[in-house]
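Asks: what follows is a predicted structure for the sequence shown.
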Amino acid sequence: MSACKVLVIEDDAIFGGIVETYLTKLGYQVTLATDGETGLALCALEKPDVVICDLILPNLSGLEVLEQLIQATESIPVIVISASERMSDIRDAVQLGASDYLIKPLQQLATLDQAIQNCLTVSSLEDAWERERWELDNHIDVLFRDDHLIDSLVGEFTPQDQLNLPMCDISHTVNANAESQVLVVYQRFPNHGAFVLIAKSQAATGQDIIALLVLKSLLNPYLRQGFSSKMGILRTPQRLLELLNQELCHSRIRSAFDVAGLWVDGVTGDLSWAHCGDKVVINTASRPDLAIGIWAQASFTGHRGKLGSQPFTMTAQGASVSLTPRR
C-alpha cells in the first residue's frame, strides 16, 4: 500500500487536508491539487495509481477535468467525490469513465480507502479480463458472419410458449418490425412460482444483440439457482438487479440496460418487482431506477403488489410481457 500514489483534486482546503492526512496515515503517497488545471498537470507529472476528483471546481469543472483525465490516462481509475446527489451528475460522471462516485459528506473516511482498494483490485484484474474479452470478440467476429446463426441466437431472446400458472397465464408479444432487440425471459419454479424479465440494451442497433447475449449469460446462473435453496435472489428482483449491475459495471461491456424483473406466486397472485431505465414501462405506479450497467454502487427499489382482475404488463420497445389473471 505504501507504494500506491493518490492524486486528490479538491478546492475545499479543509476537506482536502482531512483526506490528505487520513490517506497519508494509511500509507498512501498523496499529492493535493486545489484546481483542475493543477490536477491535470500533476497527473501527467506524478502518474498516480488513483485520482480522487471533486465534481465542483473553480474555472475547469470536475466533469471537464474527468473527461481530460480519462482521455489522457485511460488506465488510471478516477473516483469522483461530490456533494451532489443528482442522478444526472452521477450518470454523467460514470458515463465519462469515473470508476466510483462518493457523496459528501462521507459518513466514514474508511469508505474512501475501500473505494481506492476496489479501484486497484479492478485494475489488476482488467489485463486478464481484457485478454479473455479479446478472445471472446474474435470468436464473436467469426460466429456473427453466419446470418443463420444470428437468427438462431435472436430466437433465444424470447420464450417459445406461454407459461400457465394456477392464478395466471404469462405470455409475450414481439413486434417483428422493431429496430432493436428485446430480451424476454420467464421461468417456472417449484410450488408454482415464476420469474419474469424483460430487458432492452442501450447499445447501438446491431451491437445490442451481443450486449443482450452477455446479459442473458449473466442471468442464467441465477435462474439455475432458482431450482435450489438460493431462489431467494429471484424472489427479490431488486437484489438481482444489483448483482447484475455490479457484474456489468465491472466488465468491459459498454452498454446500459433498461430492465424489469418480477417474481410471481402463481397460487396467491403476490407480485414482487423492480425496474430500471425509462425504456421499460410497467402498467402500475412504480418509478424506475437508474438503468443497470452505469453505476456500480446504484441501489434499486423493490415493489410489491397483487395480481388483480386486469393483466400486469411490462413493455419495452418492440415487446411486452403480460400476466393475465385466469377466470
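Replies: Arrived safely, thanks for sending. Numbering: from 1, shown residues only.
Asks: show me the shaky parts of the stretch 51-200 of the chain.
Replies: Where the stretch 51-200 of the chain drops to pLDDT under 70, the residues are 74, 85, 87, 95, 121-156, 177-179.
Asks: so which helix or strand takes in the residue nearest to T158 when sequence neighbours are not counted?
Replies: Closest residue to T158 apart from its sequence neighbours, by C-beta to C-beta, 6 or more residues apart in numbering: V184 at 4.7 Å. Where C-beta positions appear, they are placed from N, C-alpha and C, glycine not excepted. Using DSSP states H and E, V184 falls within strand 182-189.
Asks: how about G305?
Replies: Following DSSP H and E, one finds G305 within strand 303-306.
Asks: and P166, how many residues sit next to it?
Replies: A count of neighbours around P166, defined by other C-beta atoms under 10 Å, yields 11.
Asks: list the residues that contact it.
Replies: P166 sits next to 192, 266-267, 326 when contact means C-beta atoms under 8 Å, 6 or more residues apart in numbering.
Asks: the helices in the stretch 51-200 of the chain, which residues?
Replies: 62-72, 87-96, 110-143, 147-155 (DSSP state H, counting those that start in this stretch).
Asks: quick one: contacts of the strand holding G305?
Replies: Residues from elsewhere that reach strand 303-306, judged by C-beta under 8 Å, 6+ apart: 268-274, 284, 286, 312.
Asks: buried by neighbour count, from the residues you listed: which ones?
Replies: 269-274, 286, 312 (16 or more other C-beta atoms under 10 Å).
Asks: now those residues in TSV, with pLDDT, distance to I253 and secondary structure?
Replies: Output for the buried ones among the contacts of strand 303-306, formatted as TSV (pLDDT from 0 to 100; distance: C-beta to C-beta, whole Å; DSSP: H, G, I helix; E, B strand; the rest coil):
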residue	pLDDT	distance to I253	secondary structure
G269	95	36	coil
D270	96	33	strand
L271	97	30	strand
S272	96	27	strand
W273	97	24	strand
A274	97	21	strand
S286	83	26	coil
F312	96	30	strand
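Asks: nearest to V51, of these?
Replies: If you rank the buried ones among the contacts of strand 303-306 by distance to V51 using C-beta to C-beta, A274 comes first, at 33.1 Å.
Asks: and the gap between the closest one and V50?
Replies: To V50, A274 is 32 Å away according to C-beta to C-beta, to the nearest Å.
Asks: need the residue closest to the centroid of the chain.
Replies: Nearest residue to the geometric centre of the chain (C-alpha atoms, centre = their mean): G293, 2.4 Å.
Asks: coming back round to it: alpha carbons only: can I get the strand holding V184 in CSV?
Replies: What follows is strand 182-189, C-alpha atoms only, in CSV (Å, rounded to 0.1, in the frame of the first residue of the first chain):
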residue,chain,number,x,y,z
VAL,A,182,-35.5,-7.1,-26.6
LEU,A,183,-34.8,-10.0,-24.2
VAL,A,184,-37.8,-11.7,-22.7
VAL,A,185,-37.4,-14.4,-20.1
TYR,A,186,-39.9,-16.3,-18.0
GLN,A,187,-39.3,-19.4,-16.0
ARG,A,188,-41.5,-21.6,-13.8
PHE,A,189,-40.1,-22.9,-10.5
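Asks: shift numbering so it begins at 431
Replies: OK, 431 is where the count begins now, so the last one is strand 612-619.
Asks: could I get the buried residue list for it?
Replies: With burial defined by 16+ other C-beta under 10 Å, the residues of strand 612-619 counted as buried are 612-617, 619.
Asks: rebuild those as CSV, extending it with distance to Q632.
Replies: Converted to CSV, the buried residues of strand 612-619 look like this (distance: C-beta to C-beta, whole Å):
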residue, distance to Q632
V612, 12
L613, 13
V614, 17
V615, 18
Y616, 23
Q617, 25
F619, 30
